[in-house]
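**Q** Sequence below, structure please.
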Amino acid sequence: MKRSQLLLEEVMQEAEATRNLLSLIPFDKADFVPHQKSMTLLRLATHVAEISGWWKECLLDDELDFAKGDSTPKVFNSTADIVALHDKHILQAEKILNEVNEDEFLKLWTMRAGEMIFFTKPKAEVARTWCMNHLYHHRGQLTVYLRLLNIPLPAVYATTADLEGK
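**A** The predicted model follows:
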């Protein structure tokens, strides 16, 4: 099976779990932080939704330059807006992974801020690390935020103590 199709299967499986978590964000608690060094709940949820859309930058482009482009944070007015962003990004990821040439995974990709280069790696590694593992990391953080807010958690891979009534 092609790498793109393996990734697509994983993206689609994980998209549902991510969507389920994002749909639980209590917008009235948007400024909640579990620690002074932590992101707010809204910023973290936004970041999780944004990561779902990194496929173009990480797979179709050859670099990400933080010195270019607009870094203005998106403004959301509801939990539904965050979920809608995630859903839009998943549709884009599905299209990209269905159409990308397998040779693209072998090309090098660079993350930079102008002249400062953070790293250059094969796109296959970038896709795994930045589009998938990075999402799992922050989605895990999001479950902790929700748990601290006493919000019952849905299953991500199997079940949760909330679903089992523990």
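**Q** any idea how far the helix or strand hosting residue 6 is from the chain center?
**A** With secondary structure defined by DSSP states H and E, residue 6 is part of helix 3-22. The chain centroid and the centroid of helix 3-22 are separated by 10 Å, computed with Cα atoms, centre = their mean, to the nearest Å.
**Q** just stretch 37-48 next, same as before
**A** So, by Cα atoms, centre = their mean, the centroid of stretch 37-48 is 12 Å from its chain's centroid.
**Q** packing partners for the lowest-mean-pLDDT helix or strand in the chain?
**A** Counting by mean pLDDT, DSSP states H and E, the chain has its least confident helix or strand at strand 63-65, which shows a mean of 93. Judged by 3 or more Cβ pairs under 8 Å, 6 or more residues apart in numbering; DSSP states H and E, strand 63-65 is in contact with strand 108-113. Placement of C-beta: from N, CA and C, glycine included.
**Q** and residue 130, how many residues sit next to it?
**A** A count of nearby residues for residue 130, using other Cβ atoms under 10 Å, gives 21.
**Q** again, but for the one 5 residues further on
**A** Each residue near residue 135 was counted by other Cβ under 10 Å, and the total is 21.
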